[in-house]
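# One predicted model, sequence on top.
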Amino acid sequence: MIITEGEITFEIPDHLTITKKDEVFYNPKMKTCRDISLAVIQAFINKYYKDKEIKIADALSGTGIRGLRYAKELNAKVKVFLNDINPNAYRKILQNAKLNDISNIEVSNEDANTFLSRHFRFFDIVDIDPFGSPSPYIDQAIRSLKTKNALLCLTATDTSALCGRAKKSCLRKYLAVPLRSKDCHEFALRILAGYAMRMATKYELFLKPIFCHSTDHYVRVYLITDRGAKKADKTFKMLGYVKDYDGIKEVRNYGGEGFSGPLYIGNLYDSDIAKEALEIAEKRGFEKRVLKILKLIYDESKLGQIGCYDIHQISKVLKTSPPPMNEILSTLENNGFYATIAHYNPKGIKTNASLKDVIEVILKYNNRFER
Ligand SMILES: C[S@@+](CC[C@H](N)C(=O)[O-])C[C@H]1O[C@@H](n2cnc3c(N)ncnc32)[C@H](O)[C@@H]1O
């Protein structure tokens, strides 16, 4: 069957179950993720790589849609290296490249780790988009990246591990204890980013998160390389452990009963990249959902808050009803605070106001009706 996504017309198998069993894997729902990737990577290129040739690895390509979109849609001089272990996928990628007249690519058919290790310190951007966890590929991905201003993009769909439903799996794959809470999706991002950062230190590399999001069934993080032992040492100051008491977070630098970690506790975004990604997506006419996610993230990027205030959770503890989210946002703003809705939780507020300020807003709103 021939379909179109972005500027690519390509062939996918006629019968899809969207599982590993498919002849070649393609999930149309991940278009949102690929659109966001295009916007973020374009913003990254504009900031760090204007006019230079960029080598991109799409190490687990499937039909090739992600890498082929990078080859065609990125506004830069790029060469994309697409790889998949499945011989049917390999053939499909070649076929799809031909169908779109794309020549700025190289295609291979091997295990992702073999492919990455063949390209030591070679790539400017490495994209790991596997079934489940990216953990088995992170070490080789780091080795294949240039050591300064190169970008590592990781998707994880094993959210049961990262969000705390499968705790042992999280320990095995990310050497971290997860947290089951209203903020588990943000903590999933922080665990994944923290794990990649820890993997990089032995090469005297610092990985700095610049963008991330939790959408549908997956989380995705983007981290930039920087070299030097002193820079790598910064990693350990940015790792911590978090406990959640009915929505109140305690952050400290050692673990213990009920604490999740180690996870990254610094800022998850480069606000300039988040802003530019939004502008690029607007200019390219990406769908409304993509723009909504990017707008929420840009708003969120101006705050360093760990987690959010879940208004339903707080209202339940206060034994009162949750006010409409817009009321809370506008009252906090009128009170001089900055506030936005968390991109991963429509009931969650991120703000520079304290929990006490948020509680006051909730109680005041409800008191108006009780008088
Ligand atoms: C989730 S799919 C990739 C989807 C694709 N990136 C996209 O955006 O449509 C994961 C792919 O990894 C491939 N794969 C699984 N194990 C692999 C390995 N060890 N090395 C390389 N590719 C592998 C599978 O054949 C499958 O095509």
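It's in. What you see is a predicted model, and the numbers here were worked out from it, not measured in a lab. Numbering: from 1, shown residues only.

# what residues does the chain put near the ligand?
25-26, 30, 34, 60-63, 65-66, 84-86, 89, 111-112, 129-131 (CB under 6 Å from any ligand atom). C-beta: built from backbone N, CA, C; applies to glycine.

# What's the PyMOL syntax to select whichever of those residues are buried?
To isolate the buried members of those in PyMOL, using 16 or more other CB atoms under 10 Å:
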select buried, resi 25+26+30+34+60+61+62+63+65+66+84+85+86+89+111+112+129+130
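
# For this protein, name the helix or strand with the lowest mean pLDDT.
helix 355-370 (a mean of 90; mean pLDDT, DSSP states H and E).

# Mind listing what's buried along it?
Buried-residue list, helix 355-370, by 16+ other CB under 10 Å: Asp357, Val358, Ile359, Val361, Ile362, Tyr365.

# The fifth one touches Asp310, doesn't it?
No. With contact defined as CB atoms under 8 Å, Ile362 does not count as touching Asp310 (11.5 Å).

# Pop the domain breakdown of the protein in here.
What automatic domain parsing lists as the domains of the chain is 2-283, 308-370.

# deepest of these, which one?
domain 2-283 (a mean of 20; mean count of other CB atoms under 10 Å).

# Would it be right to say that Thr4 lies in a strand?
Yes. Per DSSP: H, G, I helix; E, B strand; the rest coil, Thr4 lies within a strand segment.

# excluding its backbone neighbours, what's nearest it?
Spatial nearest neighbour of Thr4, chain neighbours left out: Phe10 (7.7 Å); criterion: CB to CB, 6 or more residues apart in numbering.

# The one you found: which element?
In this assignment (DSSP states H and E), Phe10 forms part of strand 8-11.

# Same check on Lys208?
strand 205-215.

# mind listing the helices for the stretch 101-250 of the chain?
For the stretch 101-250 of the chain, the helices defined by DSSP state H, counting those that start in this stretch occupy 112-117, 135-144, 159-162, 167-174, 184-201, 229-237.

# Rebuild those helices as a markdown table, extending it with mean pLDDT.
Below are the helices of the stretch 101-250 of the chain laid out as a markdown table (pLDDT from 0 to 100):
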| stretch | mean pLDDT |
| --- | --- |
| helix 112-117 | 98 |
| helix 135-144 | 98 |
| helix 159-162 | 98 |
| helix 167-174 | 98 |
| helix 184-201 | 98 |
| helix 229-237 | 98 |
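
# Kindly reformat those as TSV containing distance to Ile2.
Converted to TSV, the helices of the stretch 101-250 of the chain look like this (distance: least, CB to CB, whole Å):
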stretch	distance to Ile2
helix 112-117	27
helix 135-144	30
helix 159-162	32
helix 167-174	37
helix 184-201	35
helix 229-237	46
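
# closest to Tyr269 out of the ones you listed?
helix 184-201 (10.6 Å; CB to CB).

# May I have that closest one exported as PDB, CA atoms only?
Backbone C-alpha positions of helix 184-201 (Å, rounded to 0.1, in the frame of the first residue of the first chain) are rendered in PDB as follows:
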ATOM      1  CA  CYS A 184       5.500   9.400  36.300                       C
ATOM      2  CA  HIS A 185       5.800  10.600  32.700                       C
ATOM      3  CA  GLU A 186       8.100  13.400  33.600                       C
ATOM      4  CA  PHE A 187      10.100  11.100  35.800                       C
ATOM      5  CA  ALA A 188      10.300   8.600  33.000                       C
ATOM      6  CA  LEU A 189      12.000  11.400  30.900                       C
ATOM      7  CA  ARG A 190      14.300  12.200  33.800                       C
ATOM      8  CA  ILE A 191      15.200   8.500  34.300                       C
ATOM      9  CA  LEU A 192      16.000   8.000  30.600                       C
ATOM     10  CA  ALA A 193      18.000  11.200  30.300                       C
ATOM     11  CA  GLY A 194      19.800  10.500  33.600                       C
ATOM     12  CA  TYR A 195      20.700   7.000  32.400                       C
ATOM     13  CA  ALA A 196      22.100   8.200  29.100                       C
ATOM     14  CA  MET A 197      24.100  10.900  31.000                       C
ATOM     15  CA  ARG A 198      25.600   8.300  33.300                       C
ATOM     16  CA  MET A 199      26.500   6.100  30.400                       C
ATOM     17  CA  ALA A 200      28.500   9.000  28.800                       C
ATOM     18  CA  THR A 201      30.700   9.900  31.800                       C
END
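
# Just list the residues touching the spatially closest residue to Ala176 that is not a sequence neighbour, thanks.
Nearest residue to Ala176 in three dimensions, chain neighbours excluded: Ile191, at 4.7 Å (CB to CB, 6+ apart). By CB atoms under 8 Å, 6 or more residues apart in numbering, the contact list for Ile191 reads Leu162, Cys170, Tyr174, Ala176, Pro178, Ser260, Gly261, Leu263, Tyr264.

# In this protein, which residue is most central in space?
When CA atoms, centre = their mean is applied to the chain, the residue found nearest the centroid is Arg220 (2.3 Å).
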